[in-house]
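Asks: The sequence and its predicted three-dimensional model are supplied below.
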Amino acid sequence: MPLPDQSEPALTAALQALPGTPRVVASGNFATPTTLLALVDRALPSYRLNVLNAQPGLPTRDGVVHETSFVGVGMRFSPGLSYVPTRLSLLPVLFGTTLPPDVAVLHTSLPHQGTVSLGTEVNVLPAAVDEVRRRGGLVVAQMNAQMPYTFGDAVLPLNLVDHAIEVDEPLTSPAPLLLDDDARLIGGRIADRVPHGAVLQTGIGAVPDATLNELTGHRGLRIWTEMFSDGVLVLDRAGALDRAAPVTASFVFGSRELYDWVHRNERVRMLRTEKTNDPALIRLNRQMVSVNAALQVDLFGQANASRIGRRIYSGFGGQTDFVVGALHAPGGQALVALRSWHPKADRSTVVPLVDEPVTSFQMTAVVTEQGVAEVAGHDQRAQAQHLISQAAHPDAREELWEEAAALYLLD
């Protein structure tokens, strides 16, 4: 199969022929094709750039509107940020309705037998490619010798790519997270609730990493998650994973060692977000344990994981999808983990009533370094009492009891 056109002038001309202000959907997280994206930026005077969990280094200038449904540090302080709230399982639907893409900018492996692989970042990209092709737009790829070749929905027929450039560049990795005593304590509390043979979903952060580190003594664990990092590699080396079950995810990021591990690893199955995050598919996993972080939890069991005051911090992400899916799974648990005290804000993270829009609610339990507060299946008074006495910081409890009385949450 012939390679896509690799002429930079031809790609520039094709981009400049696009009408209006095109929407460009690009690989996000730690797989952003920065070299190709710089070329796109030079060719287009104005465009909307849609990237999930964007990292630093994106084009930032007049004429470029940053658009996302999950805000990363690369867009968090963008003055013209266009944040589109949605469950990530439903973002692909929006590509066919309110967010039609004109260009898909991909970061892929080198060609192999008439295909390329999306490697570490599948996510919503297959849906973007489908819609761009349907609309007669452009699919362009940065084919990288150092991008792992992964399987599943990551595999893309080469004839779907219109233009490409070839690079040999290392993938970026997140800075290592320091696991302090609180993170380890929370991770240990969560691990105590995880049975052998459970199916795991964890989010991003020190607590999810600490949780996986505490699970190395378990056996028969399986992975069905939106993303994973080096913690899964730790579990595999410890013999904690069921080697007969695929490790299912939509994107990965971590160390070079992790990228080497996923390369041509037939145990790793990379799927589209509308599959990994579909609550109807998540619920099919027996003993599904979903672990997600939050910024705040209130006495009604409502979690804010998206906003700090008026400013959008991240977004729904996969939390809403996995909380619902895990709660409906046989023997499933949806756990929300957070520290009981926010050191920078110097305030309790367990609050009477969240002021910001709610991300998720009525989880199985809330876990902090103080303890485990059971939520699901208890009446609203018991929920509030558990949250105050077992999850809240001792310095906040007196005020929380007073607020609970004012909210009619005490007998």
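Replies: Here it is on my side, so go on. Numbers count the residues shown, from 1 in each chain.
Asks: And the strands in the stretch 101-250 of the chain?
Replies: Taking DSSP state E, counting those that start in this stretch, the strands of the stretch 101-250 of the chain run over residues 103-108, 115-117, 138-144, 151-152, 155-157, 163-167, 199-202, 222-224, 227-228, 247-249.
Asks: Rebuild the ones you listed as TSV, extending it with mean pLDDT.
Replies: As requested, the strands of the stretch 101-250 of the chain are arranged in TSV below (pLDDT from 0 to 100):
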stretch	mean pLDDT
strand 103-108	98
strand 115-117	98
strand 138-144	98
strand 151-152	98
strand 155-157	98
strand 163-167	97
strand 199-202	96
strand 222-224	98
strand 227-228	96
strand 247-249	98
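Asks: chain center to stretch 281-294, what's the gap?
Replies: For stretch 281-294, the distance between its averaged C-alpha position and the chain's averaged C-alpha position is 14 Å (Cα atoms, centre = their mean, to the nearest Å).
Asks: do the same with stretch 192-210
Replies: Distance, centroid of stretch 192-210 to centroid of chain: 15 Å (Cα atoms, centre = their mean).
Asks: what about this protein, any weak spots by pLDDT?
Replies: Along the chain, segments meeting pLDDT under 70 span 1.
Asks: I'd like the domain boundaries of it, if you could list them.
Replies: By the record's domain assignment, the chain is partitioned as 8-167, 181-406 (automatic domain parsing).
Asks: Is it possible to get TSV of those that adds mean neighbour count and distance to P2?
Replies: C-beta here means a position set from N, CA and C on the backbone, and glycine is covered the same way. Shown next, in TSV, are those (neighbours: other Cβ atoms under 10 Å; distance: least, Cβ to Cβ, whole Å):
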stretch	mean neighbour count	distance to P2
domain 8-167	20	8
domain 181-406	20	24
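Asks: Double-check that A396 belongs to a strand.
Replies: No - assessed with DSSP: H, G, I helix; E, B strand; the rest coil, A396 is helix; it does not lie in a strand.
Asks: where along the protein do the helices fall?
Replies: Taking DSSP state H as the test, the helices found in the chain are 8-16, 34-43, 91-95, 125-135, 181-193, 206-213, 230-237, 256-262, 273-276, 279-282, 319-328, 380-386, 394-406.
Asks: Can I get the ones you listed in a markdown table including distance to V116?
Replies: As requested, the helices of the chain are exported to a markdown table (distance: least, Cβ to Cβ, whole Å):
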| stretch | distance to V116 |
| --- | --- |
| helix 8-16 | 16 |
| helix 34-43 | 13 |
| helix 91-95 | 20 |
| helix 125-135 | 11 |
| helix 181-193 | 37 |
| helix 206-213 | 30 |
| helix 230-237 | 24 |
| helix 256-262 | 15 |
| helix 273-276 | 19 |
| helix 279-282 | 26 |
| helix 319-328 | 28 |
| helix 380-386 | 49 |
| helix 394-406 | 52 |
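Asks: For H107, which of the ones you listed is the nearest?
Replies: Proximity to H107 (Cβ to Cβ) singles out helix 34-43 among the helices of the chain, at 7.6 Å.
Asks: Is P100 in contact with R135, as I believe?
Replies: Yes - if you go by Cβ atoms under 8 Å, P100 and R135 touch, sitting 6.2 Å apart.
Asks: give me every residue that touches A13.
Replies: Contacts for A13 (Cβ atoms under 8 Å, 6 or more residues apart in numbering) come out as none.
Asks: From A376, how far out is the residue nearest to G72 when sequence neighbours are not counted?
Replies: Closest residue in space to G72, ignoring its immediate chain neighbours: N53 at 3.8 Å, by Cβ to Cβ, 6 or more residues apart in numbering. Distance of N53 to A376, given as Cβ to Cβ, to the nearest Å: 29 Å.
Asks: Same check on A175?
Replies: According to Cβ to Cβ, A175 stands 35 Å off from A376.
Asks: now swap in G317 and tell me
Replies: G317 is 21 Å from A376, by Cβ to Cβ.
Asks: residues in contact with L125?
Replies: 25, 27, 104, 106, 118.
Asks: what about 7 Å?
Replies: By Cβ atoms under 7 Å, 6 or more residues apart in numbering, the residues touching L125 are 27, 104, 106, 118.
Asks: Please apply the same query to G220.
Replies: Contacts of G220 (Cβ under 7 Å, 6+ apart): 196-197, 242.
Asks: how about the residue nearest to G72, what does it touch?
Replies: Applying Cβ under 7 Å, 6+ apart, we find N53 in contact with 28-29, 70, 72.
Asks: among those residues, which two are most distant?
Replies: N29 and F70 (9.4 Å).
Asks: Next, count neighbours for L410.
Replies: Neighbour count of L410, defined by other Cβ atoms under 10 Å: 14.
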